[in-house]
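**Q** got a predicted structure here, sequence first:
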Amino acid sequence: MKPKVLILVVLFGLFSVRSVSAEEIKIAAEVSLRAEHLNIEGEKAKFNEYRDIRDGFTGDAEFQYERENYYLDFSAREVGRKDQSYDLSGGKWGSFKYDFKYDQLPHNFTYNARTFYSGSGGANLTYQPQPPSTFAPNSNFSNWTTFDYSVERKNYSGGFKLDMLKPFFFGVSAAKEERRGVMPIGTAGTSPGGISIELPAPVNYLTDTIKLEAGYLKNPLSLAFSYIYGQFQNDNANLYFRNPATANTAAATDTFTLPPDNNYFKFDFKGGLKLPWNTKFDANASYGRNESSKTLFNSYGTDTAATASNIGQQGRTGILLSNYVFDGRLDSQNYNFVLTSNPIYFLDGKVFYKYYQTNNKSNQITTTDPGPTPPGVTAATLNNQDRLFDYLTYKYGAQLGFKLPMNFYAIAGYTRGHTSRKRPDIPTYNDDLYEAELRWSGVDWMVVRGGYERLHRRADFQAPEVTGPSDPNVIENYVRRYDAASKDSYVWKGTVDFFPVEDMSLSVGYKWKDVPYSDTTLGLLSQTSNEWHLDADYLIAKRVKLYGYFDFEYAKLDQKQRTYTSGTTANPALSPTPTNFNWTATETDRNYAYGLGSDVYAIPKKLTFKFQYTFVQSQGSADYTYLLGGNPLPPTRTQDNIDITSLDSYTLRYFLVKATYNPIKSLSLSLGYAYEKFIYDDGQFNGYQYVPLSSTGGTLGYLTGAYANQNYRANVYFASASYLF
């Protein structure tokens, strides 16, 4: 049902009940209308990344209807905008209930992006080469076609639940999600072409979901069973594009795979049982399966010229596959058990166990490369079988809380975790997490809390098999990837909440975190962070409310890596040379945020002024250091100019002033102005080029401008009226 039709149906249903006596019916409604004018300079897509503010009118509405045991609720938000939503629910208390929902949400990436391709937004991208070349596109980006990177999501859902057969209940619901638009994807440059390409990929996704549930609810037992089935469809299985990195013809296009169609189902059980001694046991178990099928590129074994860029080696014969259809299947299991108890007033506790496992039952495909082995590449890397990724993790532990004398309350907990994954470097690791917290509330106007956490991770590192010192896998003996590497994590935190007077509150907190990776030679070595926060509000003489906050975070990451030319120099303990050396990088992030505001009740319950200012800033940088010893640095480089002084840095300023007047109790009139300014500063985008060139003038890539110019400055003027029936 379209949103406008839905509104009319609800309004007719609500106001047609006027013939019923006032004693039997309750109706409440509120309707608001808002007019907006937007004046913006810069990237409009970033300003409206997940919203829709523009010139024109919009509004909200709420209706509540109740007659004896029947009720009906309706709400509408941002009517007519791309982020609008509608919610209709109703039923009879204790018998049945239903709901219908519709909402939209845009995701705007970049407006007025550019591409030399024709057919953006579709699944076939092509272009006419620029003479005298037979395959290179026009490098004059001012003549390229413009388009918008934007995806719009529409979500429809509805459900019905039957409660009248108590203690049993039954329910059914369904949902549909549509995603339409264009989003950026990229292909990395490979030898010998070495050209990176940014492509406008079509988004035409449809997801349908249905859920059935049944259960039993009567003290002390609750049981719920549900079945969910979902189906995902993509109108475009592949994106076909002519590749300017190769001298292929327009007919011999390259292919970029897009998300394949798939389906999913899940059985779920939830139960709870109340036991003596103020104890409760809760359980949750589920089993799910995700399946998809994808036809692989037949041209791998039949058309050498067309697949040169796909396999990254021009002039090589095609790669043969043992099966050209990939049948994917992933099964998952999940179990959660929790026992909570408060047997005596000064003691409460919790014991839990969580288990999650995936079983990858997809078919395995063997690749065979009949061509000659390139220099520095072993035959094992050319004739291989795809690895099926499986994952298993479980946690168990306990937590105890104690009420102590002098208004102290202590919490202590321990969690043991284990994770197994099918990966060659770190297939398993074990975690021990210790937690403690102490809270004091000895006076009515203050609460003090302090806590400590320690995580100890022990990883099972597996050294790779190498054929000799020239094997490229030699470096894997020294690399530890931080997502699973051994580490220790220490966290201290504290918060003080003050309530010195009735109309004033103040909260101050601090958190310190240190994570050393003690077993790592190459990779992430450590992470440290410090966080402070302050929140306050104060009501003066019931007329002026002041409020504000301040947050600051300083984080640092240290890593060590190695540059080398062959396997013989991969050992980081070797003496450095101009081409084989270690290097370090220290990345720092400083994040500031503060806000100040005031509500002035000039005429209580009649006239209110609101002032608000928010400032958010993130400053990132990376300090690189070449560990060359006495060897000279590479030409044109110094220890200073290799640093990145701006890394994902940005500043956001927001200011709001608003006046609200209530001439009568049921009518509210508002007039306001908002100012917002966003500045993005990152070394990857500063000096952006659509066609970047190498130092010798060679083309490095063709880009579209996605995320390139995110700065904006916006002025929003608005007026609104709201009436309460």
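**A** Structure's in. What do you need? Residues are numbered from 1 along each chain as shown.

**Q** start from the N-terminal end of the stretch 201-350 of the chain and give the helices.
**A** 308-311 (DSSP state H, counting those that start in this stretch).

**Q** okay, now the unreliable bits of it?
**A** Where the stretch 201-350 of the chain drops to pLDDT under 70, the residues are 247-252, 298-318.

**Q** repeat for the stretch 351-500 of the chain
**A** Residue ranges of the stretch 351-500 of the chain with pLDDT under 70: 369-385.

**Q** where do the helices sit along it?
**A** Taking DSSP H, counting those that start in this stretch to define them, one finds helices in the stretch 351-500 of the chain at 379-382.

**Q** Leu647 contacts Glu587, correct?
**A** Yes: the pair Leu647 / Glu587 is scored as a contact, 6.9 Å apart, by CB atoms under 8 Å. Glycine gets a C-beta too; all of them are placed from N, C-alpha and C.

**Q** mutual contacts of the two, please.
**A** Counting by CB atoms under 8 Å, 6 or more residues apart in numbering, the common neighbours of Leu647 and Glu587 are 620-622.

**Q** Thr253: which of the residues you listed is nearest?
**A** The closest of the shared contacts of Leu647 and Glu587 to Thr253 turns out to be Ala622 (CB to CB; 38.0 Å).

**Q** which residue comes closest to the most centrally placed residue in the chain once chain neighbours are left out?
**A** Central residue of the chain (CA atoms, centre = their mean): His107, 12.7 Å from the mean position. Residue nearest to His107 in three dimensions, not counting chain neighbours: Val151, with 4.7 Å by CB to CB, 6 or more residues apart in numbering.

**Q** do the same with Asn108
**A** Using CB to CB, 6+ apart, the closest residue to Asn108 is Ala45 (3.9 Å).

**Q** Gly401 touches Ile411, doesn't it?
**A** Yes: with contact defined as CB under 8 Å, Gly401 counts as touching Ile411 (4.9 Å).

**Q** any idea how far Gly272 is from Asp163?
**A** 18 Å (CB to CB, to the nearest Å).

**Q** and if you look at Ala555?
**A** 40 Å.

**Q** all strands of the stretch 201-350 of the chain, in order?
**A** 221-234, 238-241, 254-257, 262-275, 279-295, 320-321, 325-344, 347-360 (DSSP state E, counting those that start in this stretch).

**Q** turn those strands into CSV, columns for mean neighbour count and distance to Val491.
**A** What follows is the strands of the stretch 201-350 of the chain, written out as CSV (neighbours: other CB atoms under 10 Å; distance: least, CB to CB, whole Å):
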stretch, mean neighbour count, distance to Val491
strand 221-234, 16, 36
strand 238-241, 19, 44
strand 254-257, 18, 41
strand 262-275, 15, 32
strand 279-295, 15, 28
strand 320-321, 16, 48
strand 325-344, 15, 24
strand 347-360, 16, 20
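
**Q** dump those to JSON lines, plus distance to Ala459.
**A** Shown next, in JSON lines, are those (distance: least, CB to CB, whole Å):
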{"stretch": "strand 221-234", "distance to Ala459": "35"}
{"stretch": "strand 238-241", "distance to Ala459": "38"}
{"stretch": "strand 254-257", "distance to Ala459": "33"}
{"stretch": "strand 262-275", "distance to Ala459": "31"}
{"stretch": "strand 279-295", "distance to Ala459": "28"}
{"stretch": "strand 320-321", "distance to Ala459": "34"}
{"stretch": "strand 325-344", "distance to Ala459": "24"}
{"stretch": "strand 347-360", "distance to Ala459": "19"}
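
**Q** out of the ones you listed, nearest to Ser142?
**A** Ser142 sits nearest to strand 238-241 of all these, at 21.7 Å, using CB to CB.

**Q** name every strand pairing with that closest one and say which way it goes.
**A** strand 124-125 (parallel), strand 254-257 (antiparallel) (DSSP bridges).

**Q** for whatever helix or strand comes next after the shortest one, which residues meet the burial criterion?
**A** Okay, so that is strand 124-125. Following strand 124-125 in sequence order, the next helix or strand is strand 145-162 (DSSP states H and E). For strand 145-162, a neighbour-count test (16 or more other CB atoms under 10 Å) marks 147-153, 155, 157-159, 161-162 as buried.

**Q** only alpha carbons, please: show strand 145-162 as PDB.
**A** Extracted C-alpha coordinates of strand 145-162, given in PDB (Å, rounded to 0.1, in the frame of the first residue of the first chain):
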ATOM      1  CA  THR A 145      29.600  11.900 -18.100                       C
ATOM      2  CA  THR A 146      28.300  12.900 -14.700                       C
ATOM      3  CA  PHE A 147      26.200  10.800 -12.400                       C
ATOM      4  CA  ASP A 148      25.300  10.400  -8.800                       C
ATOM      5  CA  TYR A 149      26.600   7.700  -6.400                       C
ATOM      6  CA  SER A 150      23.400   7.100  -4.300                       C
ATOM      7  CA  VAL A 151      21.500   4.100  -3.000                       C
ATOM      8  CA  GLU A 152      17.900   4.300  -1.800                       C
ATOM      9  CA  ARG A 153      16.500   1.700   0.500                       C
ATOM     10  CA  LYS A 154      12.700   1.000   0.900                       C
ATOM     11  CA  ASN A 155      11.500  -1.300   3.500                       C
ATOM     12  CA  TYR A 156       7.900  -2.800   3.800                       C
ATOM     13  CA  SER A 157       6.800  -5.000   6.700                       C
ATOM     14  CA  GLY A 158       3.700  -6.300   8.400                       C
ATOM     15  CA  GLY A 159       2.700  -8.900  10.900                       C
ATOM     16  CA  PHE A 160      -0.100 -10.400  12.900                       C
ATOM     17  CA  LYS A 161       0.000 -12.000  16.300                       C
ATOM     18  CA  LEU A 162      -2.700 -14.100  18.000                       C
END
